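1. please find the sequence and the predicted model below.
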Amino acid sequence: MQFCAYRDRSQKEVEEKLIEMKMIPAAQEQIIIQLMQEDFLNEERFARSFVRGKFRIKKWGRVKIKQELKFREISIPIIKIALSEIDPQEYSSTLNELAVKKLRLIKDPDKYKKKGKLADFLLRKGYESNLVFDTANELLE
């Protein structure tokens with residue numbers, strides 16, 4: 001309970017912690033059920049806070065966030081609900097902020113190389129390719 005009270009956890013994280021503690025499978029299952037019943041373990045709450053944190057603090061895009069949630073074995077319907085936490089206007093302004101900031105740091109004089117480096121950076125951050133290329137074209141034209 002303490003492990004889950006510290007911050008929101010995914011079910012996978014709790015299972016891994018119980019395995020690390022060398023719990024038998026029956027006890028693991030019982031503990032997970034109890035944590036869910038007492039609302040210490042809630043996948044949707046975890047996914048929503050994960051999305052908010054990664055977007056606001058690390059400025060990750062939807063693609064990267066979605067991949068990370070899948071890696072943590074969160075179901076697709078919960079991922080869709082969690083991604084609704086991102087405000088579309090805030091998302092596009094964050095994308096523009098990142099692009100402008102990165103563009104200042106790219107010293108390459110060739111416009112096409114600059115655009116490529118900018119696009120690569122934004123794609124690694126997890127933004128959708130159509131938005132990335134629209135933003136790159138807009139800033140470099």
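-> That came in fine, so what should we check first?
2. hmm, who's touching the helix or strand hosting residue 122?
-> According to DSSP states H and E, residue 122 maps onto helix 111-124. Counting by C-beta atoms under 8 Å, 6 or more residues apart in numbering, helix 111-124 makes contact with 61, 95, 98-99, 102-103, 106, 108, 129, 132-133, 135-137, 139-140, all of which sit outside it. For every residue, glycine as well, the C-beta is placed using N, CA and C.
3. just the ones in helices from these, please.
-> Counting by DSSP state H, the contacts of helix 111-124 place 95, 98-99, 102-103, 129, 132-133, 135-137, 139-140 in helices.
4. follow-up on the earlier one: ok and the helix holding residue 122 relative to helix 129-140, angle-wise?
-> Interaxial angle, helix 111-124 versus helix 129-140 (axes from the mean of the first three to the mean of the last three C-alpha atoms, to 10 degrees): 140 degrees.
5. and residue 23, helix, strand or coil?
-> coil (DSSP: H, G, I helix; E, B strand; the rest coil).
6. need the residue closest to the centroid of this structure.
-> The structure's the chain has its C-alpha centroid closest to residue 65; by C-alpha atoms, centre = their mean the separation is 2.5 Å.
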